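1. Just to be clear, the model below is a prediction. Sequence and coordinates:
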Amino acid sequence: MGPSSPRAAGQAAEQQALDYLQAQGLRVLHRNWLSKGGELDLVMLDGDTVVFVEVRYRLHAKWGGALGSIDARKQARLIKAAQWFLQIESHWQSSPCRFDVIALEGSADATHKVQWLSNAFDS
């Protein structure tokens, strides 16, 4: 039986994204990092690069689907949250950084096809 709520479906998608990225060699630094500057779904390390990962799950591809849901306003919020992260976790300030998006679509009780958009946008 699959996740019964949108929140549970989102958490399952986030776990699948985390598992996928770890299988690609990335290491998790933080999950659901929260500050007054916003939330970051996953903060990972790819070699020496700090990767801010936004996980997007959508049941249907309508209205642009999961990838299409990262509009300019959402990008600005992610950039602000990343800036807060780098202020608070100052030991990462000199590291290269990038923004990735993991998009998953389909039924909440199925394993989703993972779309990984590395370096999805610039800050």
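-> Yep, it's here.
2. which non-adjacent residue is nearest the residue sitting nearest the centre point of the chain?
-> For the chain, the residue sitting closest to the mean C-alpha position, by C-alpha atoms, centre = their mean, is residue 54 at 2.1 Å. With sequence-adjacent residues excluded and distances taken as C-beta to C-beta, 6 or more residues apart in numbering, residue 54 is closest to residue 101, at 5.1 Å. Quick note: C-beta positions are derived from backbone N, CA and C, even for glycine.
3. What about the one you found, how many residues nearby?
-> Number of residues near residue 101 (other C-beta atoms under 10 Å) recorded here: 25.
4. In three-state terms, label it for me.
-> strand (DSSP: H, G, I helix; E, B strand; the rest coil).
5. isn't it right next to residue 56, touching?
-> Yes. Using C-beta atoms under 8 Å, residue 101 makes contact with residue 56 at a distance of 6.3 Å.
6. The residue nearest to residue 54 and residue 91, how far apart?
-> Noted for residue 101: a distance of 25 Å to residue 91, by C-beta to C-beta, to the nearest Å.
7. Having no further points to raise, I will conclude here.
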